[in-house]
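In: model the following, please.
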Amino acid sequence: MKLILTQEVTGLGAAGDVVEVRDGYGRNFLIPRGFGIRWTKGGEKTIESIKAARSSREVRDLDHAKEIKAKLEGATVELPVRAGAGGRLFGAVTVTDIAGAISQAGASVDKRKIIVGNPIKSLGSHQVTVKVHDDVDATVNLNVVAV
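Out: Below is the predicted model of the structure:
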């Protein structure tokens, strides 16, 4: 089955790529979750629009990636959350919360590029990895504070 990927799928391809997958994998996993759509001859315009959107979000080159890394590692990002009496959070900090806090700090990061090792469930200082480029990873200092 030929599919057009609408999002990056690890080990398969990036958004806008045309891939050949097994019928069951495409029909039961990729299409229902919105990771891909069926390939058609009329889908070429879709491919072009997906690739244009991806290129606008993508880091231009390795030097630009290093600039973003320096900006991310130079600042401490504060993330206000609701917490209980003992400093324990109501739930965990999500990558969407982290992406929002980083964007308020001045750098725009795609939430799919943020890697959190263990779930963040307590107040204090934590470190999060952001995959800026294929060759560049930035470590962001995240300070989780109570509201």
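In: gap between the residue nearest to the spatial centre of the chain and Thr10?
Out: Among the residues of the chain, the one closest to the centroid is Arg112, at 1.4 Å (Cα atoms, centre = their mean). Here the criterion is Cβ to Cβ, to the nearest Å. By it, Arg112 lies 10 Å from Thr10. All C-beta spots, glycine's among them, are computed from the backbone N, C-alpha and C.
In: now do Glu44
Out: Distance of Glu44 to Thr10, computed by Cβ to Cβ: 25 Å.
In: which one of these two has more residues nearby?
Out: Neighbours were counted for Glu44 and for Thr10 using other Cβ atoms under 10 Å; Glu44 has more, 12 against 6.
In: SS state for the more buried one?
Out: Three-state call for Glu44 (DSSP: H, G, I helix; E, B strand; the rest coil): helix.
In: ok, now which ones touch it?
Out: By Cβ atoms under 8 Å, 6 or more residues apart in numbering, the contact list for Glu44 is empty.
In: ditto for the one 3 residues further on
Out: With contact taken as Cβ under 8 Å, 6+ apart, Ile47 is in contact with 4, 16, 18.
In: list buried residues within those residues.
Out: 4, 16 (16 or more other Cβ atoms under 10 Å).
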